[in-house]
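Participant: mind folding the following:
(chains A and B)
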Amino acid sequence: MTVVFWKELADHFSSRRFMILLAIIVLTGVWAIYAAGQSIRQDAESAPAEFVFLLLLTSQSGGLLSLTSFLGLLGPLVGIMLGFDAVSGEYARGTLSRVLSQPIYRDSLINGKFLAGLATVATLWASILLLVIGLGIVLVGFPPTAEELWRMLIFTIVGIVYVGFWLALALLFSLLFQRTVTAALASLAIWLFLAIFAPLVAQIAANLIVPNPSTPEEAVRQTDIAAMIGRISPTTLYEESVHVMLNPTARVLGAALEEQTQGILLTPLALAQSLLLILPQFTTLIALVGVCFGICYIKFMRTEIRA
Amino acid sequence: MTAVIETNNLTKRYRDLIAVNGLSLSVAEGEIFGFLGPNGAGKTTTILMLLGLTEANGGQAHVCGFDPAREPLDVKKRVGYLPENPGFYDDLSGRENLLYITRLNRIAEREARRRITQLLEQVGLGTDGDRNVREYSRGMKQRLGIAEVLVKEPQVLILDEPTLGLDPDGAARILELITAVSRERGHAVLLSSHMLHQVQQMCHRVGIIVKGKLIAEGEVDKLGTAAFKERQWNFVIEIGGRTNGIENELRSLPGVTAVEPRNRGWYLRCTQDMRPEVAALVVKRGLSLLQLRSEDTTLEEIYLKYFREA
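Facilitator: Got it, this is the predicted structure:
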């Protein structure tokens, strides 16, 4: 498996596709950080003073998306681009039957491919994080605190798992469809649906279940139902996790009644508490990746490879 | 000699289609076996079952003493397989492509490099080994495929249509290479090809598969006798001089069953050795006999006969 892994990794890093992705992501990253840095002074006044660094990641000033939203948008594309021709491409080039007639276990090919894709994603994401820290120190003038570093690290892990889902999905489609174009289009269709239409569908479904909320309780219930349905989409899970991780003051996900929030001190949560809050989201994300890759694995072991 | 490839009643079904039907064959050590049959006859499916790339629905197969369905890795270690239309990683050089295969086979780096250099030389890619495969011609890719098959020093070679889409010269060179390699290292070779003329020359035995069934198997001459029941007496005759009318006279000779015109001369099918009678006729008419030679059944005729009967 290590042989396949290193070969695939080398392929990813030397491919033109990866260069383009890297360029896009670095450019948007730098731009988003720069824009956030410009308005950091006004933003910092409304945030707890000890987490100025995290603001760089989440600030939306300058009319631009924040860095985390950018990554949430581009991440799936990275996953899809790395995975959509993993198997169908080899099939089309006629290399698959040659490789599989070598004395390797069949699963080592798909495992190697998936892990190489994941390693590529991790490299990309980690380099962005380092870029942010470097630029941040220049813009803000002081280094991040230990807790900020931890939070950014967890944000990175969540991001990698999130992209891992899209990678596994693209890999699955590259197995199901023998034409690379079909695989790419199918992955993009799912991405569009989950990222853009799923929240709308969730809202419509919630409106049907709880029509015309008249009391605050009903309104909260409607919002909760919408949020629950929305969580089918990994994009929602990612956004919620990142929101909690990078905003230490975030205490609840979804709506809360006024009497529930009464008396809550607006102090930041401890790292462990924030982690606890996103644990369901994070485990669901990991489970989604596992399920997706599991289907891939079974499917691949059963397919007959003809020349 | 021991059988290196042996199948017994091997069967593969795809829903309602029987791709391979009770196939039994054996290939001995050092033997070149020609696996013939029309497209879609089940040749590739059989090969895939021999490699454990697809599972059989019935019957057994043994390759080098291992069951490909249960011990595929042991089989794959010993078998060099060249698929139909082999593909390579375009953006790697020929040498790098081979290197990847040696790594998958866990061959030590230094040994692998030595073998690759030697093999690239042997298949005639000595100077092109470091060019990207993207720039290779079809024939070069096919030769790289042969080198790839040999790089793991297998005991058996399974080659699926190694001459497909090559020009006659390129195809002949590939087949010569295979023959030379097999003779030199004593590999058993299972080869499927449509180049019947070459197959006849290089294969020790052939098997003809039609619609999943092995309908004939054996040495080419014996197959010919079996196919046409009695010995064939076929002659090519070429006559100089005023030849009009001679065709009908030839045809009216007792023992001549058919006279087919050729470019120059005729092709005679007879029930016995008619050479003396034919020669006498030509001399009697005052013409000159330019040539009269006997022609053996070709594999092509055998093949077509079996194929049409099936």
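Participant: so B:Gly22 belongs to a helix, correct?
Facilitator: No. Read with DSSP: H, G, I helix; E, B strand; the rest coil, B:Gly22 is strand and lies in no helix.
Participant: point out where the stretch 151-300 of chain B drops to low pLDDT.
Facilitator: B:224-232 (pLDDT under 70).
Participant: of all the residues in it, which one is nearest chain A?
Facilitator: B:Asp160 (6.4 Å; Cβ to the nearest Cβ). Glycine gets a C-beta too; all of them are placed from N, C-alpha and C.
Participant: those strands in the stretch 101-250 of chain B, which residues are they?
Facilitator: B:156-160, B:188-192, B:205-210, B:213-218, B:233-240 (DSSP state E, counting those that start in this stretch).
Participant: tell me the secondary structure for the closest residue to B:Arg103 other than its chain neighbours?
Facilitator: In this structure, B:Arg103 finds its nearest non-sequential neighbour in A:Val3, 4.4 Å apart by Cβ to Cβ, 6 or more residues apart in numbering or on different chains. Here A:Val3 is recorded as helix under three-state DSSP.
Participant: so who does A:Val3 touch?
Facilitator: For A:Val3, the contact set (Cβ atoms under 8 Å, 6 or more residues apart in numbering or on different chains) comprises A:104, A:112, B:100, B:103-104.
Participant: same question for A:Trp191.
Facilitator: A:76-77, A:80, A:166.
Participant: next one: A:Ile137
Facilitator: A:143-144.
Participant: try it again at 10 Å.
Facilitator: A:53, A:143-144 (Cβ atoms under 10 Å, 6 or more residues apart in numbering or on different chains).
Participant: check which helix or strand covers the closest residue in space to A:Gly136 that isn't next to it in sequence.
Facilitator: Nearest non-adjacent residue to A:Gly136, counting by Cβ to Cβ, 6+ apart: A:Leu56, 5.1 Å away. Assigned by DSSP states H and E, A:Leu56 belongs to helix A:52-58.
Participant: report all helices and strands that that helix contacts.
Facilitator: helix A:16-38, helix A:40-46, helix A:67-83, helix A:106-140, helix A:146-176, helix A:234-246 (3 or more Cβ pairs under 10 Å, 6 or more residues apart in numbering or on different chains; DSSP states H and E).
Participant: quick revisit: now the two most distant members of the contacts of A:Trp191.
Facilitator: Within those, A:Leu77 and A:Trp166 form the most distant pair, 8.0 Å apart (Cβ to Cβ).
Participant: pick out whichever of the two has more residues nearby.
Facilitator: A:Trp166 (29 against 17; other Cβ atoms under 10 Å in any protein chain shown).
Participant: hang on, isn't A:Leu129 packed against A:Leu56?
Facilitator: No. Counting by Cβ atoms under 10 Å, A:Leu129 does not reach A:Leu56; the two are 11.3 Å apart.
Participant: what residues sit buried inside stretch B:17-30?
Facilitator: For stretch B:17-30, burial by neighbour count (16 or more other Cβ atoms under 10 Å in any protein chain shown) applies to B:18-21, B:23, B:25-27.
Participant: what do you get for stretch B:4-16?
Facilitator: B:4-7, B:10-12.
Participant: counting neighbours, what do you get for the residue of chain A found nearest chain B?
Facilitator: In chain A, the residue found nearest to chain B is A:Gly94; the distance is 2.6 Å by Cβ to the nearest Cβ. Using other Cβ under 10 Å, A:Gly94 has 17 neighbouring residues.
Participant: now the nearest residue in space to it that is not next to it in sequence: phi and psi?
Facilitator: Spatially, and ignoring its direct neighbours in sequence, A:Gly94 is nearest to B:Gly87 (2.6 Å; Cβ to Cβ, 6+ apart). Main-chain torsions, B:Gly87, degrees, to the nearest 10: phi -110, psi 160.
Participant: confidence score at B:Gly87?
Facilitator: Looking at B:Gly87, its pLDDT is 87.
Participant: longest single helix anywhere in chain B?
Facilitator: Looking across chain B with DSSP state H, the single longest helix is helix B:168-185.
Participant: kindly export that one (C-alpha atoms) in CSV.
Facilitator: Presented in CSV, the C-alpha positions along helix B:168-185 are these (Å, rounded to 0.1, in the frame of the first residue of the first chain):
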residue,chain,number,x,y,z
PRO,B,168,2.5,-6.3,-39.8
ASP,B,169,6.2,-5.6,-39.1
GLY,B,170,5.6,-4.5,-35.5
ALA,B,171,3.4,-7.5,-34.8
ALA,B,172,6.0,-9.9,-36.2
ARG,B,173,8.6,-8.3,-34.1
ILE,B,174,6.6,-8.6,-31.0
LEU,B,175,5.9,-12.3,-31.7
GLU,B,176,9.6,-12.9,-32.4
LEU,B,177,10.5,-11.3,-29.2
ILE,B,178,8.0,-13.5,-27.3
THR,B,179,9.3,-16.6,-28.9
ALA,B,180,12.9,-15.7,-28.2
VAL,B,181,12.2,-14.9,-24.6
SER,B,182,10.2,-18.0,-24.0
ARG,B,183,12.9,-20.2,-25.6
GLU,B,184,15.6,-18.4,-23.6
ARG,B,185,14.0,-18.6,-20.2
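Participant: tell me which residues in it are buried?
Facilitator: The neighbour-count check on helix B:168-185 (16+ other Cβ under 10 Å) flags B:170-175, B:177-179, B:181-182 as buried.
Participant: ok so, going back, write the ChimeraX selection for whichever of the contacts of A:Ile137 are buried.
Facilitator: In ChimeraX, this line selects whichever of those come out buried by 16+ other Cβ under 10 Å:
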select /A:53,144
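Participant: could I get the contacts of A:Ile137 as a markdown table with distance to B:Ile239 and pLDDT?
Facilitator: Shown next, in a markdown table, are these (distance: Cβ to Cβ, whole Å; pLDDT from 0 to 100):
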| residue | distance to B:Ile239 | pLDDT |
| --- | --- | --- |
| A:Phe53 | 102 | 77 |
| A:Pro143 | 103 | 83 |
| A:Pro144 | 102 | 84 |
